[in-house]
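Colleague: Quick one: sequence and predicted model below, then my questions.
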Amino acid sequence: MRLIPLAALLAVLSTPLAAETLVADPAAPVTHEGNLRVMTKFGSERLRPYFETLAAAYMAAHPGVTIELIQEDDDSVKAKTKTLLASNAMPDVFFSWTGTWGGNLVRGQRAVDLTEVLDSDWGKTLAPSAVDAFAYGGKKYGVPLYLDAKFMGYSKPIFAEAGIEVPETFEDLLAACDRLKAKGITPIAVGNKSPWVGLHYVGQMLAHDVPRAVLEADFDPATATYTDPGYVTTLNRLSELAARCTVGPEMNGIAYQSALQMLSDGKAAMYYQEIIEFDNSASASTVLKPEEFGHFILPAPKEAKGDPMALEGAPEGYMISTASENVPLALDFLKFATTPENGKLLSAPPYGQPSAVVGGADPATMNPSVVGGLQDIAEASYLIQWLDTVNHPKVATAWLNGSQALLGGTMTAEEVMEGVRAAAEDAK
Amino acid sequence: MTDIHQDPGAATRQEPGATSRRVIQEFWRLRWVAVAVALVGSFVYWPIIDNFRVSLTHQDIFTGETSPAGLENYLRLTEDPVIGLALWNNLAYAVISVLFQVFGAFLLAAIIEGLGSPRARAFWRAVYFIPSAISTTVTGLLFYFIYQPDMGLLDGILKGLGLGYWSRVWLGNPDTAIYAIIAMSQWQGFGYAALLFSVAIQKIPAELYDAARMDGAGALRQIWSITLPMTREMTGMMVIITVTGAFQVFNEVMVMTGGGPNNASQVLGTWLYEQGFNQNDMGYAAAIGSLIFAVTMACGLAQLWLNARRRVT
């Protein structure tokens, strides 16, 4: 047996001290001297080289600067951030999601106010909607690096073999699943061992079943009620999707990477994924080749009471720590990371992260599906944020546990919503 | 030439300042342990005290704000349904671990040490110890593939034996998740415990076994009447280590299920982590830490007391 990590316990035991909110001055002179600690969410083997390349280029241009990279992955960056917060050791530049996650960092005065900088000429080189996603109380705190949204990725050869067209409604999708199952093909590969996977389905489907105004009110802990009948409708639809399109409760024992691999290996017809995963699903080294990969937005039901044109997604970006001793240098590095050239590098394979920089995407070098996905993001009527980062942590946990239990067949839709409502009440 | 006089009162009379010099010398001797005391005090005892202080507060990890909570966090412990579930899972971990890693490992060690060939003994010790040398993360990944539905080795074996109806989503089913993790933990810890018992058995004088054989005692009787009593201290120590370890378990659960599905495999350690690092509730996390400390301390003291009563000299 292994014991609770000492670092975690020490972090629990230490008393953090919040720093003062700082306002970045766009006219502040940059001194290219000293160390810069940068915490990224690019810890995977595929993405890790991006910031390594950037850091090496920046240090070569400025020999007096040393950049220390802390590269985490999607799951570990949450714990790492909180550990560093608790021990007052936040790096100069750090990754952040939008929504409540970024809001908590702003509330804790951990992020430098970048409003003046982002309102300057450089700020105009970034997609305005992505910049606005990091605004809290009318002030801007984050530099968006890339845009992200959720799509159903599919294998064109399998669809063609089964005689299936891209489904336009939820009902069409279920019918396509029936047809694929009849041919002995797993329609949708799902690995819900990490429960955010299933919750991402819920997020997109809620946008179809619950009016936007209701959703936005429920995301705010002060006004949350979670009483709209659309919530139960979504969860019941999810149960039906799981029964007709997936391996069923077994998904709770499968890691999402294994499920993604099933699509890449041509063993499943579809996999619900983020646009930033497209280049991982289909590449020169996978069975499914990039030209055989297609995508579509998880379709709305015919009788949708919410917004059928909504899309689940949000930009992801970086903030500067109020504890940083060299804010101008940190800002200069972020400006370097968001040049059009570096944006194009990020948008193209193998990274495939569609840059938030205006002109930072070159269709000639990008996966056509990523280009198409970017077009879908631009045309979406509403971007609903991830439920596990937009909600209060207690509510997010209730959603995560409840949706996993629902997909495991151990809770009903009504029971899940009871748990969410109780958590929302607790979060007030 | 020096004239030596015998002074009858010298033994009881003290030079002025002798007592204070002796006290200073006693303190001076303590310098050898001062570093150890300072380190243990700073990194073991102070965090325990500070954890209790934190448990009496509400803390916001993002803002660093602290406000007094009194005993509120401890009252929450009694109302939180996951605490009961986690305690049950820890208890199951402890009971199963004691069965396998104490009594099972003892039997295995006795069998191995009873083998005639030294080479065979060394071989089997190594075979059983190897899993302990693998990191928990790697073991977790290995067992993830073993437990994987349909494609996993376990389900494959069950189906091969015609027992396909026993097939389960081992890590995704609330009824089996914690037991699947406990099973992995036994696989990993069993050999290490057996090695410790082997060392204890090797210290037992061979004459005792010779005498027992001359009295006609068989192998089982020798284990029962010689090996078991002569390794009682090691057994007691292993029970303490195993039980306290079972209540502090963290990595195995975190790697395999993260406490899911729907909290079914939560143990106190992972629930502490969830509250502190995901729910941003450091005060309550510290209260859970105090509970873990109280449970492990009680188990340790109880075992030490029992061992002191049964010690074989």
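Modeller: That came through fine.
Colleague: what does stretch A:266-274 contact?
Modeller: Contact with stretch A:266-274 is made by A:148-155, A:157-159, A:162, A:164, A:180, A:185-190, A:197, A:200-201, A:245, A:259-260, A:262-263, A:281, A:287-288, A:298, A:313, as judged by CB atoms under 8 Å, 6 or more residues apart in numbering or on different chains. Heads up, the C-betas are built off the backbone N, CA and C, glycines and all.
Colleague: now the closest residue to chain A within the stretch 101-250 of chain B: how far from B:F277?
Modeller: When distances are taken as CB to the nearest CB, the stretch 101-250 of chain B reaches nearest to chain A at B:G172, 2.9 Å away. Applying CB to CB, to the nearest Å, the value for B:G172 to B:F277 is 23 Å.
Colleague: Neighbour count: the two, which is higher?
Modeller: Neighbours were counted for B:G172 and for B:F277 using other CB atoms under 10 Å in any protein chain shown; B:G172 has more, 28 against 24.
Colleague: got the contact list for the residue nearest to A:A304 when sequence neighbours are not counted?
Modeller: Distances taken as CB to CB, 6 or more residues apart in numbering or on different chains place A:H208 nearest to A:A304, at 4.5 Å, with adjacent residues excluded. A:H208 sits next to A:F170, A:T234, A:A300, A:P301, A:A304, A:K305, A:G306, A:D307, A:P308, A:A310 when contact means CB under 8 Å, 6+ apart.
Colleague: Let me see the contact set for residue 308.
Modeller: Let's take chain A. The contact partners of A:P308, taken as CB under 8 Å, 6+ apart, are A:H208, A:A300.
Colleague: thinking again about what came up before, and the contacts of stretch A:266-274, which are buried?
Modeller: By neighbour count, with 16 or more other CB atoms under 10 Å in any protein chain shown, these hold A:148-155, A:158-159, A:162, A:164, A:180, A:185-190, A:197, A:200-201, A:245, A:259-260, A:262-263, A:281, A:288, A:298, A:313 as buried.
Colleague: Name the spans of the chain whose pLDDT lies under the cut-off.
Modeller: Going with chain A. Chain A contains residues with pLDDT under 70 at A:1-21.
Colleague: that's the wrong chain, I meant chain B
Modeller: In chain B (pLDDT under 70), the answer is B:1-14, B:16, B:310-313.
Colleague: change it to 50
Modeller: By pLDDT under 50, the weakly predicted segments of chain B are B:1-4.
Colleague: For the stretch 301-428 of chain A, which segments are assigned as strands?
Modeller: For the stretch 301-428 of chain A, the strands defined by DSSP state E, counting those that start in this stretch cover A:311-312, A:316-320, A:383-384.
Colleague: Identify, out of those strands, the most deeply packed stretch.
Modeller: Highest mean neighbour count of those: strand A:316-320, a mean of 26 (counted as mean count of other CB atoms under 10 Å in any protein chain shown).
Colleague: Which elements pack onto that one?
Modeller: Counting contacts by 3 or more CB pairs under 8 Å, 6 or more residues apart in numbering or on different chains; DSSP states H and E, strand A:316-320 is packed against strand A:93-96, strand A:143-146, helix A:327-337.
Colleague: quick one: it to helix A:327-337, angle?
Modeller: Per axes from the mean of the first three to the mean of the last three CA atoms, to 10 degrees, the angle that strand A:316-320 makes with helix A:327-337 is 160 degrees.
Colleague: chain center to strand A:316-320, what's the gap?
Modeller: 13 Å (CA atoms, centre = their mean, to the nearest Å).
Colleague: follow-up on the earlier one: just the contacts of A:H208 now: which is nearest A:D92?
Modeller: Top of the list for closeness to A:D92, among the contacts of A:H208 and by CB to CB, is A:A310 at 35.9 Å.
Colleague: Chain neighbours aside, what residue packs nearest to the closest one?
Modeller: A:A207 (3.6 Å).
Colleague: do A:E240 as well
Modeller: A:L174 is the one closest to A:E240 (CB to CB, 6+ apart), at 6.8 Å.
Colleague: follow-up on the earlier one: tell me the contacts of the residue of the stretch 101-250 of chain B closest to chain A?
Modeller: A:N192, A:K193, A:P249, A:E250, A:M251, A:N252, A:G253, A:I254, A:G408, B:P149, B:P261.
Colleague: For the longest helix seen in chain B, buried residues please.
Modeller: Longest among the helix segments of chain B by residue count, using DSSP state H, is helix B:282-310. Neighbour counts over helix B:282-310 (16+ other CB under 10 Å) mark B:282-292, B:295-296, B:299, B:303, B:307 as buried.
Colleague: so where do the helices sit in the stretch 301-428 of chain A?
Modeller: Under the criterion DSSP state H, counting those that start in this stretch, the stretch 301-428 of chain A carries helices at the ranges A:327-337, A:340-347, A:368-379, A:387-390, A:393-408, A:413-427.
Colleague: out of these, which comes closest to chain B?
Modeller: Smallest distance to chain B across the helices of the stretch 301-428 of chain A (CB to the nearest CB): 3.8 Å, for helix A:393-408.
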